[in-house]
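Chemist: How does the following fold in three dimensions:
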Amino acid sequence: MEDKKIIGIDLGGTSVKFAVVSTEGDLLDKWTILTDISDEGTHITPSIIESLLTYMSDHGYSAKDFIGIGMGSPGTVDRHEGTVIGAYNLNWATKQPVRKQIEEATGIPFFIDNDANVAALGEQWIGAGHNEPNVVFVTLGTGVGGGVIMNNQLLHGAIGAAGEIGHMTVDREGYKCTCGKNGCLETVASATGVVRVAKDRAAQFQDRSLIKDKILAGETVDTKMIMDAAKEGDMFALLVVDEISDYLGLACGNIANLLNPSTIVIGGGVSKAGEFLAEKIRERFTVYAFPTIRQSTNIRIAELGNDAGVIGASSLVLNESVYKHISE
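Modeler: Below is the predicted model of the structure:
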């Protein structure tokens, strides 16, 4: 059992990432293939199977060399049935029997969960969560997602929708969200949300600012440019980042008051602003968090980057009771 390995898969709209991982979380090997979403996504699972079988053949592996395969997927995941539906960036509008197909082809036990949940497991196990049992992961990307781990277990909720952090209301009079509500965190703290806030505040800002001038001139501005300008002291960019940090501080305060995690990990593309952003979130967090919780909760920037998904998918295998029974 000590020599057995795990395969982690991170399924995305443009690429599928694979990794062979040890039971201690060490990345032993990794590779990537393009995601073929043509023909209603019917080529995706067969291409994953082909890549797995080719890798195993090329490296002399058989099914008995692996404890299991774990995968994170977008869409609505039924982890008990091993199916995915509604992953529209994959063109998966109908239910996909992913577990059945991969297990039958490889002979290896297969486990699947939502991609944000899986990334949360990765950060909790090997990354910024420091293997603590109570960790919440917030990912700030094109949208805002998250995963909640309490007592070393992912929380899924009644219909598997736990961790929809991006749809916490942070401004009742705020922007309309794609979900139909107003003022969701996603509308202001995602990569597109940060730019939206900047564009809406530019005309009212009277002082000099290179970022403001670019926006008013119709030039393309992205979140990285805004964060970099704020780090360099651009007053308009600082104003925007302070507003975003307040929304995030409010969300993190509410999360901490409800769940009392030891750590809230901030990941995704927006988090590349690093400690500059984390410190601003911490400042606002102290305003909204209950005093004892305020003192005991760490807010950290994610550490695993693009490897969070494959490491978390591997952790998913280890967390299954099946593995516990096998290892006894």
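
Chemist: what residues are up against residue 261?
Modeler: Contacts for residue 261 (CB atoms under 8 Å, 6 or more residues apart in numbering) come out as 134-136, 148-150, 255, 297. For the C-beta atoms, the positions are set from N, CA and C on the backbone; glycine is no exception.

Chemist: Name the nearest of those relative to residue 102.
Modeler: Of all the contacts of residue 261, the one with the least separation from residue 102 (CB to CB) is residue 149, at 25.0 Å.

Chemist: any idea how far residue 307 is from residue 286?
Modeler: Counting by CB to CB, to the nearest Å, the gap between residue 307 and residue 286 amounts to 31 Å.

Chemist: and those two? which has more neighbours close in?
Modeler: Between residue 307 and residue 286, counting by other CB atoms under 10 Å, residue 307 is the more crowded of the two (20 against 13).

Chemist: What is the burial count for the closest residue in space to that one that isn't next to it in sequence?
Modeler: Across the structure, with CB to CB, 6 or more residues apart in numbering as the measure, the residue nearest residue 307 apart from its sequence neighbours is residue 27 (6.5 Å). Close neighbours of residue 27, defined as other CB under 10 Å, add up to 16.

Chemist: what do you get for the one 5 residues further on?
Modeler: Other residues within reach of residue 32 by the criterion other CB under 10 Å amount to 16.

Chemist: Same check on residue 147?
Modeler: The criterion is other CB under 10 Å. On that basis, residue 147 has 31 neighbouring residues.

Chemist: isn't there a strand covering it?
Modeler: Yes: when classified by DSSP: H, G, I helix; E, B strand; the rest coil, residue 147 is found to be part of a strand.

Chemist: got a list of what the residue nearest to residue 74 when sequence neighbours are not counted touches?
Modeler: Using CB to CB, 6+ apart and skipping the chain neighbours, the partner closest in space to residue 74 is residue 87 (4.6 Å). Contacts for residue 87 were tallied using CB under 8 Å, 6+ apart; they are 41, 73-76, 96.

Chemist: Show the buried residues in the contacts of residue 261.
Modeler: The neighbour-count test (16 or more other CB atoms under 10 Å) marks 134-136, 148-149, 255, 297 as buried among those.

Chemist: related to what we said a few turns ago, any idea how far the residue nearest to residue 74 lies from residue 76?
Modeler: 8 Å.

Chemist: list residues touching both of those two?
Modeler: Shared contacts of residue 87 and residue 76, counting by CB under 8 Å, 6+ apart, come down to nothing at all.

Chemist: rewinding a little: any idea which of the contacts of residue 87 has the most stuff around it?
Modeler: When neighbours are counted as other CB under 10 Å, the busiest of the contacts of residue 87 turns out to be residue 73, with 26 neighbours.

Chemist: Would you tell me what helix or strand the residue lying closest to residue 46 once chain neighbours are set aside is located in?
Modeler: In this structure, residue 46 finds its nearest non-sequential neighbour in residue 101, 7.9 Å apart by CB to CB, 6+ apart. Assigned by DSSP states H and E, residue 101 belongs to helix 98-106.

Chemist: Report the strands that pair with whichever helix or strand comes after that helix, each with its relative direction.
Modeler: Read in the C-terminal direction, the helix or strand following helix 98-106 is strand 110-114, with elements assigned using DSSP H and E. Strands that pair with strand 110-114, judged by DSSP bridges, come out as strand 66-73 (parallel).

Chemist: what angle separates the partner strand from helix 98-106?
Modeler: 140 degrees (axes from the mean of the first three to the mean of the last three CA atoms, to 10 degrees).

Chemist: Could you tell me how far strand 66-73 lies from the centre of the chain?
Modeler: Put simply, strand 66-73 sits 17 Å off its chain's centre (CA atoms, centre = their mean, to the nearest Å).

Chemist: buried set for it?
Modeler: In terms of neighbour count (16+ other CB under 10 Å), strand 66-73 has its buried residues at 66-73.

Chemist: What lies in contact with the helix holding residue 101?
Modeler: Contacts for helix 98-106 (CB under 8 Å, 6+ apart): 45-46, 48-49, 52-53, 56, 63, 69, 71, 73, 81-84, 108-112.

Chemist: one more time with 6 Å
Modeler: Outside helix 98-106, the residues within contact range by CB atoms under 6 Å, 6 or more residues apart in numbering are 45, 49, 52, 82, 84, 110.

Chemist: Ok, stretch 149-157 next?
Modeler: The set of residues external to stretch 149-157 that reach it, using CB under 6 Å, 6+ apart, is 117, 120, 124, 133-135, 148, 162.
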